[in-house]
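> Sharing a model that was predicted from the sequence below.
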Amino acid sequence: MKSVGIKNVGTLENKSEGLSLELYLELFEDELLNLYFLKNGRNAPKPKARKGGRNINRIGFRVFDDQIVFLGITLEKLRRGSGLSEVLLETFFSFVKEMRLKFEETGLIHKPVIAKILKKNGFIPESDDVVIEILPQPENSSLEVPQVRIVRNKINGKKKRTSGSNPDFYEVVPRDQAMNYPLTTDSALVELHTRFIPPECFLDDLNNVICFNRKRIESVFSLISN
């Protein structure tokens with residue numbers, strides 16, 4: 001899918017994480033939007049076809065009139081497991097607040113870690129047809145996806161969902177093998193393959209210091225067909 005355009009739309013400062021990032025917004029022909037997060041000084045991304053995605057920390061979403069739909073987060077391999085997802089998600093919340101958009105639900109969430117972060121922030125799953133337990137990951141693990149145990153699965157017996165370049169969102173560990181893992185807490189249980197509903201007033205308590213360029217954001221939004 002071809003890129004329609006990309007612009008620098010702001011900066012992010014997070015002192016607790018020691019982050020100083022530039023934000024770029026890219027629109028594609030199918031009206032998917034990506035919000036990219038790059039370290040200051042890194043070369044700006046150039047428009048290109050969306051094939052397998054960029055190796056850039058990013059959030060995907062869509063905008064329909066005055067409503068925004070969060071689709072997911074993708075991290076560079078080196079940043080996975082670093083806690084960066086929570087910082088980027090909070091930045092996205094700030095973006096929603098800045099643009100005065102309605103945020104009534106997410107898209108279908110397939111990644112266990114994203115589902116866990118959403119639940120931690122008070123989001124409520126629409127469905128509990130699929131519930132998984134995120135198993136403790138070994139230290140210095142080279143796994144690119146988390147290992148999970150299926151607790152409940154009512155979706156046609158399917159235990160995995162796949163996506164383009166990375167075939168698995170998670171690796172299912174058989175129940176008998178999962179019994180050998182250390183005990184987890186209730187927070188390790190999350191619903192998957194469902195939409196999440198945000199809590200009321202979730203935009204009121206944000207810690208990141210962000211400077212958005214509304215005109216540049218609106219100029220990208222203006223390219224979306226009505």
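Alright, I've got the coordinates.
> rest of the way, CA atoms for contacts and neighbours
Fine.
> This protein - how does it break down into domains?
The chain breaks down by automatic domain parsing into domains covering 3-103+203-221, 112-196.
> TSV for those, including mean neighbour count?
What follows is the domains of the chain, written out as TSV (neighbours: other C-alpha atoms under 10 Å):
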stretch	mean neighbour count
domain 3-103+203-221	16
domain 112-196	15
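> Could you export those domains to CSV, including columns for mean pLDDT?
Formatted as CSV, those follow (pLDDT from 0 to 100):
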stretch, mean pLDDT
domain 3-103+203-221, 81
domain 112-196, 81
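> In this protein, which helix is the longest?
Secondary structure of the chain read by DSSP state H shows that its longest helix is helix 84-98.
> starting at the chain centroid, how far to that one?
The chain centre lies 10 Å from the centre of helix 84-98; the measure is C-alpha atoms, centre = their mean, to the nearest Å.
> got the CA positions of that helix in PDB?
Extracted in PDB, the C-alpha atoms of helix 84-98 (Å, rounded to 0.1, in the frame of the first residue of the first chain):
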ATOM      1  CA  LEU A  84       8.300   1.600  25.900                       C
ATOM      2  CA  SER A  85       4.800   0.400  24.800                       C
ATOM      3  CA  GLU A  86       3.200   2.100  27.800                       C
ATOM      4  CA  VAL A  87       5.000   5.400  27.100                       C
ATOM      5  CA  LEU A  88       3.900   5.300  23.400                       C
ATOM      6  CA  LEU A  89       0.300   4.500  24.400                       C
ATOM      7  CA  GLU A  90       0.200   7.400  26.800                       C
ATOM      8  CA  THR A  91       1.500   9.600  24.000                       C
ATOM      9  CA  PHE A  92      -1.300   8.300  21.700                       C
ATOM     10  CA  PHE A  93      -3.800   9.300  24.500                       C
ATOM     11  CA  SER A  94      -2.300  12.800  24.500                       C
ATOM     12  CA  PHE A  95      -2.600  12.900  20.700                       C
ATOM     13  CA  VAL A  96      -6.300  12.000  21.000                       C
ATOM     14  CA  LYS A  97      -6.800  14.700  23.600                       C
ATOM     15  CA  GLU A  98      -4.900  17.300  21.600                       C
END
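> Going along the chain from that helix, find the next helix or strand for me.
Downstream of helix 84-98, the first helix or strand assigned by DSSP states H and E is helix 112-120.
> Any chance you could list what contacts that next one?
Residues outside helix 112-120 that contact it (C-alpha atoms under 8 Å, 6 or more residues apart in numbering) are 72-73, 85-86, 109, 124-125, 132, 134, 146, 169-170, 187-192, 196.
> and the helix or strand just after that helix, what does it pack onto?
Downstream of helix 112-120, the first helix or strand assigned by DSSP H and E is strand 124-125. Counting contacts by 3 or more C-alpha pairs under 8 Å, 6 or more residues apart in numbering; DSSP states H and E, strand 124-125 is packed against strand 196-197.
> Sheet-wise, list the partners of the strand it packs on with their directions.
Applying DSSP bridges, strand 196-197 is found paired with strand 124-125 (antiparallel).
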